[in-house]
Structure formats: C-alpha cells, structure tokens
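Asks: dropping a prediction and its sequence here:
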Amino acid sequence: MKRTTIFVYAVILCFCLLAGMERVALAYVVIEKHPIDIEMERMLEENPSTAGLWPAYEYAMKEWDKLLNENYNALMKKLTKVEQEKLRASQREWIKYRDLEFAFNETYWSGFKGTMYVGNSTAYQWMFVRERALRLGYYLEDLNER
C-alpha cells in the first residue's frame, strides 16, 4: 500500500511541477503535515488492512471536502464582485471536472484485479479534493499580502 501511495504522490508532484504549479506541488512534499493527513495516517497505522483503508480514506475525503467548502466561503467573502463571479464559475467547472474525473478513475481502477488496487480510486479522490482545498487556502493566504 505504501508503495502505491508514494507512487501516486510522485506522479502528482511531477505533473504539478511540469505544469508550472510549484506552489501546488509543495502541498505534496511539505514536511509539516496537515492535521487531516496526520489523522488519516493514524487511522491507517491502527488498521493497515484493506478493510482499514475505507474508514481512513472516507474520513480524509469528508474532512478535505469540508475544508474546501470553508476555504471557498471565506474566500468569497474577501473577493471583489468580479473575482467572486470568476471563482464561482471556476468552482462550478471544477465540480464538473471532479465528477467526470472520479467516474473515469473508478472505472479505470475497477479493471485491475487484486486487493492492492482496492483503495486506489478512493485514495486518488481524496488527494484530488485535498489539492483544491489547499489551493483555495493559498488564495486566502495570498489575500493578506494585497
């Protein structure tokens, strides 16, 4: 499991760096971990079985989605009307992309046989939402420098 997770992180990091998204890439290599990541890892250590993946990944997905929404709402309160319109449109398109990506991802991983692939789709999904939550958080941080 750890090898697959490390591989997924490495692929995301490479993609972010190649796409010129260094700040996003830093979210995957930062030494200090987010409390959501720490709790998920604790849950995985407590029950490292395939069955133990689900509650940990579900927890991470729920918490990252909650933080994404908190960051979005906080950001909307601080933006100009024009910026709000752009962010709202961006978020709506991101949700469409997320849904399509998740549908593909579930179909893709369902083609693999073996228990080592069971959590890959869910792991990808929480990492996907994590990235958006962190990106919105970065926008909030950057507003303090305006």
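Replies: Great, that's in hand.

Asks: for Glu93, report the pLDDT, please.
Replies: We note a pLDDT of 98 for Glu93 in this prediction.

Asks: for the helix or strand harbouring Glu141, packing partners?
Replies: Glu141 belongs to helix 120-143 when assigned by DSSP states H and E. On a contact count with 3 or more C-beta pairs under 8 Å, 6 or more residues apart in numbering; DSSP states H and E, helix 120-143 meets helix 2-18, helix 22-29, helix 50-78, helix 81-110. Every C-beta, even on glycine, is put in place using the N, C-alpha and C of the backbone.

Asks: please export the C-alpha coordinates of that helix as PDB.
Replies: Below are the C-alpha coordinates for helix 120-143, written out as PDB (Å, rounded to 0.1, in the frame of the first residue of the first chain):
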ATOM      1  CA  ASN A 120      -6.500   3.400  -5.300                       C
ATOM      2  CA  SER A 121      -9.700   5.100  -6.600                       C
ATOM      3  CA  THR A 122     -10.600   6.400  -3.200                       C
ATOM      4  CA  ALA A 123      -7.000   7.500  -2.500                       C
ATOM      5  CA  TYR A 124      -6.900   9.400  -5.700                       C
ATOM      6  CA  GLN A 125     -10.200  11.100  -4.900                       C
ATOM      7  CA  TRP A 126      -9.300  12.400  -1.500                       C
ATOM      8  CA  MET A 127      -6.000  13.700  -2.900                       C
ATOM      9  CA  PHE A 128      -7.800  15.400  -5.700                       C
ATOM     10  CA  VAL A 129     -10.100  17.200  -3.300                       C
ATOM     11  CA  ARG A 130      -7.200  17.900  -1.000                       C
ATOM     12  CA  GLU A 131      -5.400  19.800  -3.800                       C
ATOM     13  CA  ARG A 132      -8.400  22.000  -4.400                       C
ATOM     14  CA  ALA A 133      -8.900  22.700  -0.700                       C
ATOM     15  CA  LEU A 134      -5.200  23.700  -0.300                       C
ATOM     16  CA  ARG A 135      -5.300  25.800  -3.500                       C
ATOM     17  CA  LEU A 136      -8.200  27.800  -2.200                       C
ATOM     18  CA  GLY A 137      -6.400  28.100   1.100                       C
ATOM     19  CA  TYR A 138      -3.400  29.500  -0.700                       C
ATOM     20  CA  TYR A 139      -5.600  32.100  -2.300                       C
ATOM     21  CA  LEU A 140      -6.800  33.100   1.200                       C
ATOM     22  CA  GLU A 141      -3.200  33.400   2.500                       C
ATOM     23  CA  ASP A 142      -2.200  35.500  -0.500                       C
ATOM     24  CA  LEU A 143      -5.000  38.000   0.100                       C
END
